[in-house]
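Chemist: how would this look folded up:
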Amino acid sequence: MTLIQQINFLDLDIFERGEAHEAFRLLRRESPVHWNEGNDELKGFWSLLKYSDILYVSSHPMLFSSAKGISGPGLRDPENNPNAINQPGGISIITMDPPRHVKMRRLVNKGFTPRAVNAMEPRIREIARTLVDRVADRTECDFVLEIASQLPLAVICGLMGIPQPDWPLMFELTNQVLGAADPEYQAAVMPADQRGTVTASTRTGLDGRLKMTAYFAEMLKERRANGLQDDLVSVLLESEVDGERLDEHDILAFCFLLVLAGNETTRNAISGGLLALCEHPAERARLQADMPGLIDSAVDEILRWTSPLHHMSRRATEDTAIRGQEIRKGDAVLMWYPSANRDEEVFPDPYRFDVSRSPNDHLAFGHHEHFCLGAGFAKKEIRVMFEELFARYPNIQLAGQPARLRSNFINGIKRMPVRLR
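Modeler: Sure thing, here's the model as predicted:
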């Protein structure tokens, strides 16, 4: 069996050990449109490794649909998969195709415009300062749990009007849904002898989703009884698409997506960003010597380097081809963003971490219709966090090995001990 034939992205060990880039580099060179065999539980799928191919699929939503689910690899059809992102609680905008996707997205667009993001900067900075101050009397802390995860969580929960005492619950349920394949999160739901299987993953994710959906159902009931507020949940309650109010399922799916997307990926970019800066001390020194001049390009390089989302999936709606490789109707194609963001044809010296890299047209936020709605907030939060972190702890260093999430969907770090001074 050749090295290429041995590559299997259903093997979560590759991602937990941080070895995926070795496989991505080989496939970009030898098999850029690569068939990954399935197993008894999961279907096979096509892996797309090149930047241009991912742009092509992203730009043709009628040929490559999101409606069958955006997470893979090669998952069962949504109707047979209770943990698919559009089951239960309605169909999320992330699993919609145009034109409805565009109409639904417009409902909350005003809350994510550059003006809205800039207006929130003082609040974001206040939260970041509170977080770094909170550990000031200590020499070490867990950067993920105590700092990186808390800023995006506070921002999205604040925008949605979720009471602060419930923020830890949102954090816990986000981990459970997006980390469902990780035995650590399965342990909260299932007995030890039932963990580590596809069934355990499905049940863990579904349990988290049901709990979060039930939470938002109560929140909607409270808003209807006691009046709307100045938050995104209230915006959804009074919104219309084509002259019709959103139904309960659509609103619940929207809330579910906002919480997950609003806190998980940004926390991993911040955590992965600090890891990258610690591992590249010369680039860190450059950034710290000229924060005003380099912070914006550094944020984009952190996003390119970390690529917080491993992939998104699409389904071919008809027979087609990519790079001459025949793709059948119904086949799943997975767009591997970390690979695209290291594509040698697009990024000179792509395995060099460069805080001044320009241009830097990374795909960490996706592309086209499904370009991340919260990209502006994510970049602002990353920028503010590193400004405040390095102002307070200029010599912060790793104090141990990071623990990576066992997932081929989320490129996450669960824990990362740091020495503050």
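Chemist: Which residues outside the helix or strand of the chain with the lowest mean pLDDT are in contact with it?
Modeler: Across the helices and strands of the chain, the lowest-confidence element by mean pLDDT, DSSP states H and E is helix 100-106, at a mean of 77. Residues outside helix 100-106 that contact it (CB atoms under 8 Å, 6 or more residues apart in numbering): 61, 66, 93, 96, 241-242, 250, 254, 369-370, 373. In short, each C-beta sits where N, CA and C put it, glycine included.
Chemist: What average pLDDT does the helix or strand just after that helix get?
Modeler: Moving toward the C-terminus from helix 100-106, the next helix or strand (DSSP states H and E) is helix 114-134. The pLDDT scores in helix 114-134 average 96.
Chemist: hang on, the earlier thing: columns secondary structure on top of the contacts of helix 100-106, output as CSV?
Modeler: Below are the contacts of helix 100-106 laid out as CSV (DSSP: H, G, I helix; E, B strand; the rest coil):
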residue, secondary structure
Pro61, coil
Ser66, coil
Ile93, helix
Met96, coil
Val241, strand
Asp242, coil
Asp250, helix
Phe254, helix
Glu369, helix
His370, helix
Leu373, coil
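Chemist: ok, and the most crowded of these?
Modeler: Phe254 (26 neighbours; other CB atoms under 10 Å).
Chemist: right, and that residue touches Leu236 too?
Modeler: Yes: Phe254 is within contact range of Leu236, at 5.6 Å (criterion: CB atoms under 8 Å).
Chemist: Give the intersection of the neighbour lists for these two.
Modeler: Joint contacts of Phe254 and Leu236 (CB under 8 Å, 6+ apart) are 107-108, 246.
Chemist: pLDDT below threshold where in the stretch 151-300 of the chain?
Modeler: The stretch 151-300 of the chain contains residues with pLDDT under 70 at 190-198.
Chemist: show me where it has strands.
Modeler: For the stretch 151-300 of the chain, the strands defined by DSSP state E, counting those that start in this stretch cover 240-241, 244-245.
Chemist: Would you mind giving the shared contacts of Phe254 and Leu236 as JSON lines with distance to Phe409 and neighbour count added?
Modeler: JSON lines is the format used below for the shared contacts of Phe254 and Leu236 (distance: CB to CB, whole Å; neighbours: other CB atoms under 10 Å):
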{"residue": "Leu107", "distance to Phe409": "26", "neighbour count": "20"}
{"residue": "Val108", "distance to Phe409": "23", "neighbour count": "18"}
{"residue": "Leu246", "distance to Phe409": "27", "neighbour count": "19"}
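Chemist: Out of those residues, which is nearest to Pro350?
Modeler: Val108 (34.2 Å; CB to CB).
Chemist: what residues are up against that closest one?
Modeler: Each residue near Val108 by CB under 8 Å, 6+ apart is listed here: 232, 235-236, 254, 258, 373.
Chemist: try 7 Å this time
Modeler: If a contact means CB atoms under 7 Å, 6 or more residues apart in numbering, then Val108 has 232, 235 as its contacts.
Chemist: For it, give me phi and psi.
Modeler: Taking degrees, to the nearest 10, you get phi -110, psi 10 for the backbone angles of Val108.
Chemist: ok, now the one 5 residues further on?
Modeler: In terms of degrees, to the nearest 10, the main-chain angles of Thr113 are phi -70, psi 160.
Chemist: okay, now the nearest residue to it once chain neighbours are set aside: neighbour count?
Modeler: Spatially, and ignoring its direct neighbours in sequence, Thr113 is nearest to Gly376 (7.5 Å; CB to CB, 6 or more residues apart in numbering). Per other CB under 10 Å, the neighbour tally for Gly376 reads 18.
Chemist: quick revisit: for Leu405, state which of the shared contacts of Phe254 and Leu236 is nearest.
Modeler: When those are ranked by distance to Leu405 (CB to CB), Val108 comes first, at 27.4 Å.
Chemist: That concludes my questions; thank you for your assistance.
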